[in-house]
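[1] when you get a sec, could you give me coordinates for this:
(one chain, ligands or ions: 1)
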Amino acid sequence: MKVFLDSIGCRLNQAEIESYAAQLRQAGHTLVAAPAEADLTIVNTCAVTAAAAADSRQKVRQAARAGSAQIVVTGCWATLQPEAAAALPGVSGVTLNARKDQLVSDLLQLVPPPDAPRADGLRAPIPGLRARTRAFIKVQDGCDNHCTFCITTVARGAGRSRPRDAITREVEAALASGAQEIVLTGVHLGAWGRDFDPPGHLYELVTHLLTRTAAPRLRLSSLEPWGLWPSPAAFFALWQEPRLCRHLHLPLQAGSAAVLRRMARQTTPARFAALVAAARNAIPGVAITTDLITGFPGETEAEFQAGREFVRQLELAGGHVFTYSPHPGTAAARLPAPVPAPVAKARRLDLQALLAASGARFARGFLGQTLPVLWEAAAARPPSGWTLSGWTDNYLRVQAAASWPNWNQVQPVRLEQLTPAGLIGVIQA
Ligand code: SF4
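    Next up, the predicted model:
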């Protein structure tokens, strides 16, 4: 069977689609680059914003227009709106998030379902999606917190962790396929193992993977800024191992203590600042990025300005800023005092500019240094040669000229110039 895989949204969706690809290949099926060639299209949808939900529907309609024989829809939007998903043109099935991990085995009627792909080169790039050098591995799903704005936890349910051995096998499979960087992902990655008896901790999983596998780079995706075990300082001591990428994405969501309380976040500005200080103390050169929401219900101008000043002082390496949009089924959707959309948008633009400026200052601090870069893309550069682009371990985007498209290789690059598109460097022999 020919299968087209499509995904939008978070790294967890990406990890899941990569896992589907490996399972389908393992069962002898072929992945194709376009829905027109496919007997089956699987679309992994997202609901984090209204735009993401609209994109999800658009992907399904595109597959139907292209003539894909069967379309199966899964993911957060399909779980929250299963009837709407089933009613889209060409949809032959909707798989809710609760059965998402069994989607391929259900479709192919595999008994028992595989818990991880074999370590024999099945994690090749997926046709039609951007060729990635990083392998996204889902280690955890769902969340037991109740942040009042969060639709993800409504869509994905309670926290549950994958067993360490299944994760290790999947990491080994990715490495056998040539992955240079492993990215561990989860809805609440820091909660990995808490549902085990006795409980496990992310600290132990990371230690295990660094010890038992030869991953050249291991990266942690988003980490909620609390509950790092055994303590933030001890957790950050993991980074004495240089294969662990010096990048922490710590979603703050708001810099105002009052807004954080209304969001029911398990942190305060003071605790967040202490966490950032502990990370910087333990991990020289660490890039710390964040997520922020503007226009949360009741956000006054004074609260916004207090939060903005807090974020400014943090001097972060970048981040994403979203305007709040209410999701039915969340507690925040019932809160009074909505912020007018133009105000929320102006605040978002302001914070985006703030983070862009501090991110540029962070990047500028590395000019003149030579850092290893993993090349993720190569574009032809007339009349001959290539422009490579990739990432340092501390998440600096770098471009360099090369005579060969060294995709998926790590090379030392001297960083020479900062442009709006990132750093420009020279590959060192
Ligand atoms: S901790 Fe993260 S995933 Fe969990 S409810 Fe809060 S925002 Fe959602």
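
[2] torsion angles phi and psi at the residue nearest to Phe4 when sequence neighbours are not counted?
    Ranked by CB to CB, 6 or more residues apart in numbering and with sequence neighbours excluded, the top spatial neighbour of Phe4 is Ala38, at 3.8 Å. C-betas here are computed from N, CA, C, even on glycine. Main-chain dihedrals, Ala38, degrees, to the nearest 10: phi -100, psi 140.

[3] in which helix or strand would I find Phe304?
    Using DSSP states H and E, Phe304 falls within helix 301-314.

[4] and the contacts of that helix?
    Where contact means CB atoms under 8 Å, 6 or more residues apart in numbering, the residues beyond helix 301-314 that reach it are 252, 254-259, 269, 272-273, 276, 288, 290, 292, 294, 347, 350-351, 354-355, 358.

[5] tell me how many other residues crowd the nearest residue to Ala50 once chain neighbours are set aside.
    With sequence-adjacent residues excluded and distances taken as CB to CB, 6+ apart, Ala50 is closest to Ser325, at 5.4 Å. When neighbours are counted by other CB atoms under 10 Å, Ser325 registers 18.

[6] for the stretch 151-300 of the chain, which segments count as strands?
    Ranges of strands in the stretch 151-300 of the chain, per DSSP state E, counting those that start in this stretch, are 160-161, 181-185, 217-220, 247-249, 287-294.

[7] average pLDDT for the following helix or strand past the helix holding Phe304?
    Per DSSP H and E, the first helix or strand lying C-terminal to helix 301-314 is strand 318-323. The average of the pLDDT scores along strand 318-323 is 96.

[8] now swap in stretch 264-283 and tell me
    In this model, stretch 264-283 has a mean pLDDT of 98.

[9] please apply the same query to stretch 171-186.
    93.

[10] next one: it to chain centre, how far?
    14 Å (CA atoms, centre = their mean, to the nearest Å).

[11] mind listing what's buried in it?
    171-175, 177, 179-186 (16 or more other CB atoms under 10 Å).

[12] cool, stretch 334-350 as well?
    Result for stretch 334-350 [16+ other CB under 10 Å]: buried residues 335, 338-339, 343-344, 347-348.

[13] buried ones among the contacts of helix 301-314?
    252, 254-257, 259, 269, 272-273, 276, 288, 290, 292, 294, 347, 351, 354-355, 358.

[14] using the three-state scheme, assign the residue lying farthest from the centre of the chain.
    Relative to the centre of the chain, the most outlying C-alpha is that of Pro383, 36.2 Å out, by CA atoms, centre = their mean. Here Pro383 is coil, with the state taken from DSSP: H, G, I helix; E, B strand; the rest coil.

[15] next one: phi and psi at it?
    Dihedral angles for Pro383 - degrees, to the nearest 10 - are phi -80, psi -20.

[16] ok, now Arg265?
    With angles defined as degrees, to the nearest 10, Arg265 sits at phi -80, psi 150.

[17] Arg11 touches Phe136, doesn't it?
    Yes: if you go by CB atoms under 8 Å, Arg11 and Phe136 touch, sitting 5.3 Å apart.

[18] tell me the bridge partners for the closest residue in space to Trp375 that isn't next to it in sequence.
    Counting by CB to CB, 6+ apart, Gly390 is the residue found nearest to Trp375 once chain neighbours are left out, at 4.1 Å. Beta-bridge partners for Gly390, by DSSP bridges, are Trp375, Val398.

[19] let me see the contact set for the closest residue to Leu367 other than its chain neighbours.
    Once flanking residues are discounted, Leu367 sits nearest to Leu415: 5.4 Å by CB to CB, 6+ apart. Applying CB under 8 Å, 6+ apart to Leu415 gives the contacts 366-371, 396, 398, 423-425.

[20] could you list the low-pLDDT ranges of the protein?
    Applying pLDDT under 70 to the chain flags residues 110-132.

[21] which parts of it sit against the ligand?
    143, 145-147, 150, 152-153, 187-188, 224 (CB under 6 Å from any ligand atom).

[22] which among the residues you listed count as buried?
    Buried subset of those (neighbour count, 16+ other CB under 10 Å): 143, 145, 147, 150, 152-153, 187-188, 224.

[23] can you put the residues you listed in a markdown table and add distance to Asp197?
    Below are those laid out as a markdown table (distance: CB to CB, whole Å):
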| residue | distance to Asp197 |
| --- | --- |
| Cys143 | 19 |
| Asn145 | 20 |
| Cys147 | 26 |
| Cys150 | 26 |
| Thr152 | 25 |
| Thr153 | 22 |
| Val187 | 21 |
| His188 | 18 |
| Glu224 | 22 |
